[in-house]
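Q: 3D, please:
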Amino acid sequence: MKRLLAFTAILAAAIAAAVWVHSCEGKEPATLTGRCVRVVDGDTLKVGTVSVRLAEIDAPEKAQPYGKESAAYLEALCLDRFVACEVIDTDMYGRLIAHVKVEGENRWVNDLAVENGFAHWYEGYSKDTELEAAQKLARSERRGLWKQSRVESPWAFRARTKRKATTN
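A: Numbering: from 1, shown residues only. The predicted model follows:
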């Protein structure tokens, strides 16, 4: 019975968040605030029961070089802290796409990840010239993932591993 009640509460919270974000479409960006309870990978976290994908960046996959370091960086910034998520969209997996700030900080976590070489500027989904410049600087100063002699973007890695999986 307790499990059923817990499941029902989680489901209700997830539905409420989805309805709330949907009701804000076409208006000023919606804001979700809460405690970061889990870091899934270098560009996805959980705020309460809601999955949030960091907007305009793409972090290395777990199986890629710097995938674990990227997730650890996001953990160090956000885990068990209150965050504010400026929601701009929802992706095909139902995650909120957002710019994220940690309570008491004045910088976007998204920007910090790129500036410090723990994520790529997701050029296919962003026209942010400041993020582009931050990536160029991180690359020129060989920060984080840019220390490697050969860097494969997460989107190229996913495409390559998907092709490989379909040919096997």
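Q: tell me where the longest strand sits in the protein.
A: Longest strand in the chain, counting residues (DSSP state E): strand 30-41.
Q: helices or strands next to it in the packing?
A: With contacts taken as 3 or more C-beta pairs under 8 Å, 6 or more residues apart in numbering; DSSP states H and E, strand 30-41 sits against helix 2-23, strand 44-47, strand 50-54, helix 67-78, strand 82-90. Using the backbone N, CA and C atoms, a C-beta is placed for each residue, glycine as well.
Q: now that strand: buried residues?
A: With burial defined by 16 or more other C-beta atoms under 10 Å, the residues of strand 30-41 counted as buried are 30, 32, 34, 36, 39, 41.
Q: let's see stretch 82-97 as CSV, backbone CA atoms only.
A: What follows is stretch 82-97, C-alpha atoms only, in CSV (Å, rounded to 0.1, in the frame of the first residue of the first chain):
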residue,chain,number,x,y,z
PHE,A,82,18.5,24.1,-4.8
VAL,A,83,18.4,25.0,-8.5
ALA,A,84,16.2,27.3,-10.7
CYS,A,85,15.5,26.0,-14.2
GLU,A,86,14.4,28.4,-16.8
VAL,A,87,12.4,26.0,-19.0
ILE,A,88,12.4,26.7,-22.8
ASP,A,89,11.1,23.4,-24.2
THR,A,90,10.4,19.7,-23.7
ASP,A,91,12.4,17.1,-25.6
MET,A,92,11.2,13.9,-27.3
TYR,A,93,11.9,12.0,-24.1
GLY,A,94,9.7,14.2,-21.9
ARG,A,95,12.6,16.0,-20.3
LEU,A,96,12.4,19.7,-19.6
ILE,A,97,15.0,21.7,-21.6
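Q: about what we covered before: could you check the angle the longest strand of the chain makes with strand 50-54?
A: 80 degrees (axes from the mean of the first three to the mean of the last three C-alpha atoms, to 10 degrees).
Q: which residues sit against strand 30-41?
A: Residues outside strand 30-41 that contact it (C-beta atoms under 8 Å, 6 or more residues apart in numbering): 17, 20-21, 24, 45-48, 50-52, 59, 61-62, 67, 70-71, 74-75, 78-87, 96, 98.
Q: confidence-wise, which of the helices and strands packed on strand 30-41 is weakest overall?
A: Note on the helices and strands packed on strand 30-41: helix 2-23 shows the lowest mean pLDDT, a mean of 50.
Q: helix, strand or coil: sort out residue 152 for me.
A: Following DSSP: H, G, I helix; E, B strand; the rest coil, residue 152 is assigned to coil.
Q: with adjacent residues omitted, what lies nearest to it?
A: residue 64 (6.9 Å; C-beta to C-beta, 6 or more residues apart in numbering).
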